[in-house]
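[1] Only the shape, not the letters, is given here:
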């Protein structure tokens, strides 16, 4: 099986002064030696990601995309901070090396971390793999999520990384605004969710580190073993409600992604993949939780947030600065997810 990554020459829209980058890294990373070769990881809808190859070691760089950006989006400084804070915990993250917030170096802020060699599997059904391998991968993913949510945010210096309490209300407001900022046409399902979600927020309020985009495709798996080596793409991380992460992680059980597919209509038991309830139960056991109330809300919220994110990708595609070529094809996807979110609420009353 391929490791799931495709590396290409740096796209024209994302090119920068590689000589300036080299001089900066030489001055700010202990033991950094050239020559430096820069290539780009294909895909990724948000912060462009680059492979920095040197004779002794390979690194990975994440930077903000070019162009006019939405407020608070593409926060590479926050990504760098949370990954750095988790270095000495049992949460699997890459080693971080440096953060550059000076746009004069390569045009935007960026950070550099270690390259972890392994597999990236973006398709939730994990084709061409034995059932016991799939089962172990899903269990390791579940374990990584639970470990992250079990971290004491104060002990790792992240007490001010986000506000404690009221996360869902703030998120509904934030993503409604983000959606409006990138809206190109009206989606009835999204309009209904924007009205319904603020009035139906569950009373239970918890605060942990939340990743914001926790899914199989944002994990690096061991090259041969069915276990998670690193969680990637922390751009949306903050302090928030852990069940928002769990529900988002369960999205594959609810709809079929136009590129990566999903788990809808599969015989999961035969495939070795846990059912959604089995996955939830495993998470609850690892986090000391006695079941989950209001699961429907968290699923509807996740579908709403996916719609807002997809709409942002579509708008950036129209504007010519999305970091993948598929952005302009996302308009039908946004409508499908928004409609599904509202149908989910209507079915459950």
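    It's in. Only a predicted model underlies this, so the values are computations on that prediction, with no experimental measurement involved. Residues are numbered from 1 along each chain as shown.
[2] Now residue 109: closest residue in space that isn't a chain neighbour?
    Of all residues not flanking residue 109 in the chain, residue 101 sits nearest, at 4.8 Å (C-beta to C-beta, 6 or more residues apart in numbering). Bear in mind the C-beta positions are built from the backbone N, C-alpha and C, glycine included.
[3] Just the local confidence number for that neighbour, please.
    The per-residue pLDDT reported for residue 101 equals 92.
[4] now residue 345
    88.
[5] Please work out how many residues are found near it.
    Burial of residue 345, expressed as a neighbour count using other C-beta atoms under 10 Å, amounts to 20.
[6] per the record, what domains does the protein have?
    7-114, 131-348 (automatic domain parsing).
[7] Deepest-packed of those domains, please.
    domain 131-348 (a mean of 18; mean count of other C-beta atoms under 10 Å).
[8] Provide a list of residues in contact with the closest residue to residue 276 other than its chain neighbours.
    With C-beta to C-beta, 6+ apart as the criterion, residue 276 has its nearest non-adjacent residue at 4.2 Å, and that residue is residue 253. Contact partners of residue 253, counting by C-beta atoms under 8 Å, 6 or more residues apart in numbering, are 262-264, 275-276, 279.
[9] any idea how far residue 306 is from residue 253?
    13 Å (C-beta to C-beta, to the nearest Å).
[10] How about the contacts made by residue 237?
    Counting by C-beta under 8 Å, 6+ apart, residue 237 makes contact with 78-79, 82, 161, 209-212.
[11] Tell me which two of those residues sit farthest apart.
    Set against one another by C-beta to C-beta, the contacts of residue 237 have their most distant pair in 79 and 210, with a gap of 13.5 Å.
[12] The stretch 101-250 of the chain: helices as residue ranges?
    Using DSSP state H, counting those that start in this stretch, the helices found in the stretch 101-250 of the chain span residues 131-149, 167-182, 188-196, 242-249.
[13] Dump those into JSON lines; add distance to residue 337 and mean pLDDT as well.
    JSON lines is the format used below for the helices of the stretch 101-250 of the chain (distance: least, C-beta to C-beta, whole Å; pLDDT from 0 to 100):
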{"stretch": "helix 131-149", "distance to residue 337": "22", "mean pLDDT": "98"}
{"stretch": "helix 167-182", "distance to residue 337": "12", "mean pLDDT": "95"}
{"stretch": "helix 188-196", "distance to residue 337": "8", "mean pLDDT": "96"}
{"stretch": "helix 242-249", "distance to residue 337": "12", "mean pLDDT": "98"}
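[14] Which one, of those helices, ends up nearest to residue 124?
    When the helices of the stretch 101-250 of the chain are compared for distance to residue 124 using C-beta to C-beta, the nearest one is helix 131-149, at 9.1 Å.
[15] now what about that closest one, what contacts it?
    Under the criterion C-beta under 8 Å, 6+ apart, residues 86, 89-92, 121, 126, 129, 208-211, 214, 216, 219, 221, 226-228, 231, 242, 245-246, 249, 270-274, 279, 282-283, 286-287 lie in contact with helix 131-149.
[16] Any stretches of this protein with poor pLDDT?
    Scanning the chain for pLDDT under 70 picks out 1-4, 43-46, 66-74, 321-329, 349.
[17] Closest to the centroid, which residue in it?
    residue 213 (2.7 Å; C-alpha atoms, centre = their mean).
[18] Test my guess that that residue contacts residue 236.
    Yes - using C-beta atoms under 8 Å as the test, residue 213 is close enough to residue 236 to be in contact (5.3 Å).
[19] Now residue 247. Nearest residue, chain neighbours left out?
    With C-beta to C-beta, 6+ apart as the measure, residue 298 is the residue that lies nearest to residue 247, at 3.6 Å, once sequence neighbours are left out.
[20] Oh, that last question was meant for residue 18, not what I typed.
    Sequence neighbours aside, residue 38 is the residue nearest to residue 18 in space, at 5.2 Å (criterion: C-beta to C-beta, 6+ apart).
[21] Then residue 290?
    Closest residue to residue 290 in three dimensions, ignoring its sequence neighbours and counting by C-beta to C-beta, 6+ apart: residue 284, at 7.0 Å.
[22] Of all pairs in the contacts of residue 253, which one is the farthest apart?
    Every pair in those was compared (C-beta to C-beta); the two farthest apart turn out to be 264 and 279, at 14.6 Å.
[23] one step back: next up, the contacts around the residue nearest to residue 290.
    Applying C-beta under 8 Å, 6+ apart, we find residue 284 in contact with 290-292.
[24] What of residue 5?
    Applying C-beta under 8 Å, 6+ apart to residue 5 gives the contacts 41-42, 120.
[25] Now, those residues that are in strands?
    Among the contacts of residue 5, the members falling in strands (DSSP state E) are residue 41.
[26] TSV for the contacts of residue 5, including distance to residue 32?
    As requested, these are exported to TSV (distance: C-beta to C-beta, whole Å):
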residue	distance to residue 32
41	20
42	25
120	25
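[27] Which stretches in the stretch 201-349 of the chain count as strands?
    Assigned by DSSP state E, counting those that start in this stretch, the stretch 201-349 of the chain shows strands spanning 208-210, 219-221, 228-231, 238-240.
[28] swap that for the stretch 1-150 of the chain, sorry
    Taking DSSP E, counting those that start in this stretch as the criterion, the stretch 1-150 of the chain contains strands spanning 7-8, 37-41, 49-53, 58-63, 96-100, 110-114.
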